[in-house]
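Let me see the structure of the following:
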Amino acid sequence: MIAVVYVFSFFLAALSLQLLATGALTAASGDLANAPAFLIAAALWLFLAGAMNLALRGRERRLKARERFLLALLLFTVLPLFACLPVFILVPQAGFSNTYFEAVSAFTTTGWTALPNAELLPKGVVVWRALLQWMGGATFLLVVIFVLAPSRVGGLPDSQGSLIDYTGQVERQRFGQALARVLPLYAAITSLCFILLALTGLAPLDAFALATAAISTSGFTAHSAPIGDYLSDAGVWIVTLFSAVSATSFLWLRRALRGDRAALGHRESYYLLGMVMVFGLLTTDMLVQSGGGGAFAALRDGFSIAASIITTSGLEARTGGHATLPYGMLLTLLFIGGASFSTAGGLKLFRVGAMAVQSGREMVRLVYPHAIRSARFGSQPYNIQLMKAVWSLMFALLVLALAVSAALGFAEIPVDQAVLGGFGAVSNISIGLFGEGNTLVRFQELPEVTKLTLCLGMALGRVEVIAAVAVLYLPFWRG
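As a prediction, this is how the structure comes out:
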């Protein structure tokens, strides 16, 4: 437990630096009245992180698997407690539960909001949400590489994650060296997206919020309206493109940019981009058939809607765009999500591909019971143990989604929308939910127990449930 707290202190320090940056940007924008809330919180948490670090220095060691799972769970449930303090100060009418919900939603890169419309919030809060969702995306990449992949959680392939695995080093060194490889590319892609959006004439704050949302596949922007209402056509295409790229494997992208020929064998990312193309054209056809504007506008909106669902960013170009797809197709796509080793949520395309390959293999065995066929999805081989892990994770995610759906049903939300919200929570996508009278659900008005259940669903979906189950499984802690 000491080692877990020691590593957690580094993430708390990183959060403190994000709060410090938010305070500085708020002050620079001329909003001197709201800047102290972020600066005081930054100083307070930085002091606490330093005290924890100094008190435990020298007692660090390699984390065991169960301790890594606990660390992952703490990051997405406890760290938002520290993050929500300045917003609780600046928006006191929201209350603690709503500000905590907002922090969890941002850090898990979901994008649901329990605060007033973005246009009514202080600019500092908008910047805070943008930075928090960006940090949440980077944190999830580290969790995948150091917690989920090495332990093969849910059958996750470790062939890519092992590229950044420094055997024999303590956790502080391993995290530091991984950050040196992961963070520069993550920041560079964000900066490129910001520059391109700014060149379309977008205001700096709008471009910054959209860039962090697209790269982290989250849904928080500087406006409450869909992106098509205030972005040019070029801006919508930029957001769509960067969301799709961010939903591919981050390690595959790093290899591809370095010209590594091994990247050609990673088909999962190619399949994901192909899915965006296919469903983008399909959605475009549906919009044209329904009279959804001209051909070019329908093409723009169709690809934006498809990318927002598949990448779990939720950044749609028009209000109610997700409802364009049939209900069953919508549920399936957002449950599948993006590629492994990406900031996207969902079950992940690799696991769906593995289940499809296994199902086809079993069908062939009905005709040729003694045939021997290789079992692989793209370049990734799998065995029966991996498939057990994949099916176990799928079952766990379905149970979690239905539990969250029940909590939304408790809030008297229609069954179809409650199920959509349950799947959206575990897949970390800000899907729009509609209540009685076809009015948009306001999360700040939900019962406290429903909001806390949604927070738990978003956090468990981010650590892929199984890791949290391992934390609660006492025999696992006994060795």
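
For the chain, which element, helix or strand, carries the lowest mean pLDDT?
Lowest on mean pLDDT, DSSP states H and E among the helices and strands of the chain sits strand 376-377, with a mean of 59.

Stretch 282-295 spans what distance, first to last residue?
From its first residue to its last, stretch 282-295 covers 13 Å (Cα to Cα, to the nearest Å).

Please give the number of neighbouring residues around residue 250.
Around residue 250 there are 27 other residues, counting by other Cβ atoms under 10 Å. No exception for glycine: its C-beta is placed from N, CA and C like everyone else's.

In this protein, where is pLDDT below threshold?
By pLDDT under 70, the weakly predicted segments of the chain are 59-61, 158-171, 292-293, 370-382, 474, 476-479.

longest helix anywhere in it?
helix 171-199 (DSSP state H).

Show me what secondary structure element comes after that one.
helix 204-216 (DSSP states H and E).

for this protein, what spans make up the strands?
376-377, 380-381 (DSSP state E).

what residues are up against the closest residue to residue 136 other than its chain neighbours?
Leaving aside its chain neighbours, residue 136 sits nearest to residue 107 (3.9 Å; criterion: Cβ to Cβ, 6 or more residues apart in numbering). With contact taken as Cβ atoms under 8 Å, 6 or more residues apart in numbering, residue 107 is in contact with 76, 79-80, 83, 132-133, 135-136, 139.

Take these and keep only those in helices.
76, 79-80, 83, 132-133, 135-136, 139.

How many residues are close by residue 445?
Neighbour number of residue 445 under other Cβ under 10 Å is 12.

surely residue 27 meets residue 35?
Yes - between residue 27 and residue 35 a contact is recorded at 4.0 Å, counting by Cβ atoms under 8 Å.

Same drill for those two, tell me which one is more crowded.
residue 35 (21 against 17).

Contact partners for the more buried one?
Applying Cβ under 8 Å, 6+ apart, the residues near residue 35 are 23-24, 26-27, 124.

Apart from its chain neighbours, what residue comes closest to residue 352?
Closest to residue 352 by Cβ to Cβ, 6+ apart is residue 336, at 5.3 Å.

follow-up on the earlier one: quick check: of the ones in helices among the contacts of residue 107, which lies closest to residue 326?
residue 133 (29.4 Å; Cβ to Cβ).

wait, what's in contact with the closest one?
106-107, 109, 111, 212-213, 216, 218, 220.

now that we have the contacts of residue 35, which one has the most neighbours?
residue 26 leads these on contacts (other Cβ under 10 Å) with 27 neighbours.

Apart from its neighbours in sequence, what residue is nearest that one?
residue 124 is the one closest to residue 26 (Cβ to Cβ, 6+ apart), at 3.6 Å.

these two touch, right, the one you found and residue 38?
Yes - look at residue 124 against residue 38 with Cβ under 8 Å: they come within range, at 6.0 Å.

so what's in contact with these two at the same time?
22-23, 26, 86.

Among those, name the ones in helices.
Per DSSP H, helices hold the following members of the shared contacts of residue 124 and residue 38: 22-23, 26, 86.

Just the closest of those residues to residue 10, please.
So of those, ranked by how close each gets to residue 10 (Cβ to Cβ), first place is residue 22, at 19.1 Å.

Number of residues surrounding that closest one?
For residue 22, using other Cβ under 10 Å, the count is 28.

how much space is there between it and residue 131?
Per Cβ to Cβ, to the nearest Å, residue 22 is found 6 Å from residue 131.

what's the neighbour count on the residue nearest to residue 431 when sequence neighbours are not counted?
Spatial nearest neighbour of residue 431, excluding adjacent residues (Cβ to Cβ, 6+ apart): residue 424 at 3.9 Å. Residues within reach of residue 424, counting by other Cβ under 10 Å, total 34.

In this structure residue 424 contacts residue 432, no?
No - contact criterion Cβ under 8 Å: residue 424 and residue 432 do not qualify, at 9.1 Å.
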